[in-house]
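Trainee: what's the 3D shape of this:
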Amino acid sequence: MRINAFSDVCLRIIMLLSAMPVFELEKTKVIAQKIDTPYNHVSKAIVRLRELGMIEAVRGRSGGVRISDAGRQATVGWVLRQLDTRTDLADCETPDGLCPLIDGCGLRGALRLAREAFYAALDDVVISSLRQPRSDEPVSVLLGVRPPD
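Mentor: Numbers count the residues shown, from 1 in each chain. Prediction:
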């Protein structure tokens, strides 16, 4: 199973925001730079995430976006279900119309079940558990190993 590019951008945004301090705001342009994604793609994703209640936006010069409480508690499975706009995974149309096998085809149903199983496997993965804040500590300190004197 593969997620689409828009879902990927949305997940990167909420992972980045979930690693930030709770009340800190981030500008959309800075988010675009940090996740190495064009600004217009990030802007569209921000709009959709806001519609879903995943992020909060503060307007104005000192404004920006931050992840909401609902966004921190959401699961990856739920988020991907909300972002998936495809009705079917199989393309059942040809240039001449519908596939001639559509009446007796079990593939569409099987693919629908497989997609739901994919999402269900991600229902236990909470957004806030995906990305931990970076530390400026040396790796040896993070691992609990004392550097030699």
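Trainee: for residue 46, grab phi and psi.
Mentor: With angles defined as degrees, to the nearest 10, residue 46 sits at phi -60, psi -40.
Trainee: that one and residue 38: what is the separation?
Mentor: 13 Å (CB to CB, to the nearest Å). For every residue, glycine as well, the C-beta is placed using N, CA and C.
Trainee: look at those two and report which has more neighbours.
Mentor: Using other CB atoms under 10 Å, the more surrounded residue of residue 46 and residue 38 is residue 46, with 22 against 10.
Trainee: distance check, the more buried one against residue 73.
Mentor: 19 Å.
Trainee: can you count the residues close to the closest residue to residue 75 other than its chain neighbours?
Mentor: Excluding the flanking residues, the one nearest residue 75 by CB to CB, 6 or more residues apart in numbering is residue 123, at 5.1 Å. Residue 123 sits with 13 neighbouring residues when counted by other CB under 10 Å.
Trainee: am I right that residue 123 falls within a helix?
Mentor: No. The assignment for residue 123, made by DSSP: H, G, I helix; E, B strand; the rest coil, is coil rather than a helix.
Trainee: i'd like the first residue to be 22 from this point on
Mentor: Understood, numbering begins at 22; the last thing we discussed is residue 144.
Trainee: now the phi/psi pair for it, please.
Mentor: phi -70, psi -20.
Trainee: for it, give me its contacts.
Mentor: Residue 144 makes contact with 96-99, according to CB atoms under 8 Å, 6 or more residues apart in numbering.
Trainee: out of those residues, the closest to residue 113 would be?
Mentor: residue 98 (25.4 Å; CB to CB).
Trainee: could you list every residue that touches that closest one?
Mentor: Shown in contact with residue 98 (CB under 8 Å, 6+ apart): 140-146.
Trainee: on that earlier part again, quick one: which two of the contacts of residue 144 are the most distant?
Mentor: Taking CB to CB as the measure, these have their most distant pair in 97 and 99, spaced 7.4 Å apart.
Trainee: of the two, which one has the most company?
Mentor: Higher neighbour count among residue 97 and residue 99: residue 97, with 22 against 18, using other CB under 10 Å.
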